[in-house]
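Novice: Model the following, please.
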Amino acid sequence: EYIQGSATCNDNYAWIAAVNMNANYYIAKETRIMYNFSPQTYLDCSGNFKNAGCNGGLALNCFQYSAMWGVGTTNDYPYFGVQRPCRVVAGYFKNKRAVEVPANKNDELRKLLASKRYVVSVGVDLSSQEAKFYSRGVFNGACASEPTTHALLVGYGTDIESKNNYWLLMSTFGTMWGEDGIMRII
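Specialist: Numbers count the residues shown, from 1 in each chain. Below you'll find the model as predicted:
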């Protein structure tokens, strides 16, 4: 199980990129794979793709990095929680493409998820106390104009009680957060 491991390193983007690559690789191969992709690869090596190691970055930049250089597994490139010198594991698992969906294009996001061929990385605002301590229900808290956290969009639905449409959002906060690690967000 992936859980963001360092409180001092702003590496959420690297974890989400690694989990996203793992999920999409699993979907593409239609079989269980016995390894996890390494967030440390992105933390150490994606600086030339506009990421800043422990000072943050974007999952999209990680995908651009791994389209060119690939990404190692956690067995080959373990997580340390600090940025270290890059030791490229060239030729490893390369993604073929990354698609950027413009903000507020919900129909495009639904189509990607409905195809069951993709898991989608998103930037969201989970900085409020309400979001940090979210435990259940459809979250309808305030949003900032700038995303503060990277997460995975893994599905969508409609709440039976409130009739609100929601996205299923998975973050790196672990299974103790939300509904077993998932947030339903309006």
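
Novice: Now the phi/psi pair for V71, please.
Specialist: phi -140, psi 140 (degrees, to the nearest 10).

Novice: I'd say it and F93 touch.
Specialist: Yes: between V71 and F93 a contact is recorded at 5.5 Å, counting by C-beta atoms under 8 Å. No exception for glycine: its C-beta is placed from N, CA and C like everyone else's.

Novice: What's the local residue count around N22?
Specialist: Neighbours of N22 under the rule other C-beta atoms under 10 Å: 21.

Novice: tell me the contacts of the closest residue in space to it that isn't next to it in sequence?
Specialist: Nearest residue to N22, sequence neighbours excluded (C-beta to C-beta, 6 or more residues apart in numbering): F37, at 5.0 Å. F37 makes contact with 18-19, 21-22, 25, 71-74, 93, according to C-beta atoms under 8 Å, 6 or more residues apart in numbering.

Novice: And F37, how far from T74?
Specialist: Distance, F37 to T74, by C-beta to C-beta, to the nearest Å: 7 Å.

Novice: pull the longest helix from the chain.
Specialist: helix 12-29 (DSSP state H).

Novice: Give the buried residues for that helix.
Specialist: Neighbour-count burial for helix 12-29 flags 12-25 (criterion: 16 or more other C-beta atoms under 10 Å).

Novice: How about stretch 161-172?
Specialist: By 16+ other C-beta under 10 Å, the buried positions in stretch 161-172 come out as 164, 166-172.

Novice: Would you format those as a markdown table with distance to G155 included?
Specialist: Compiled in a markdown table, these are given as follows (distance: C-beta to C-beta, whole Å):
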| residue | distance to G155 |
| --- | --- |
| N164 | 15 |
| Y166 | 9 |
| W167 | 8 |
| L168 | 4 |
| L169 | 9 |
| M170 | 9 |
| S171 | 14 |
| T172 | 18 |
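
Novice: In strands, which of those residues appear?
Specialist: Among these, the residues falling in strands (DSSP state E) are 166-170.

Novice: if I pick the residue lying closest to S38 once chain neighbours are set aside, what's in contact with it?
Specialist: Closest residue to S38 apart from its sequence neighbours, by C-beta to C-beta, 6+ apart: Y77 at 3.9 Å. Contact partners of Y77, counting by C-beta under 8 Å, 6+ apart, are 38, 40-41, 87, 89.
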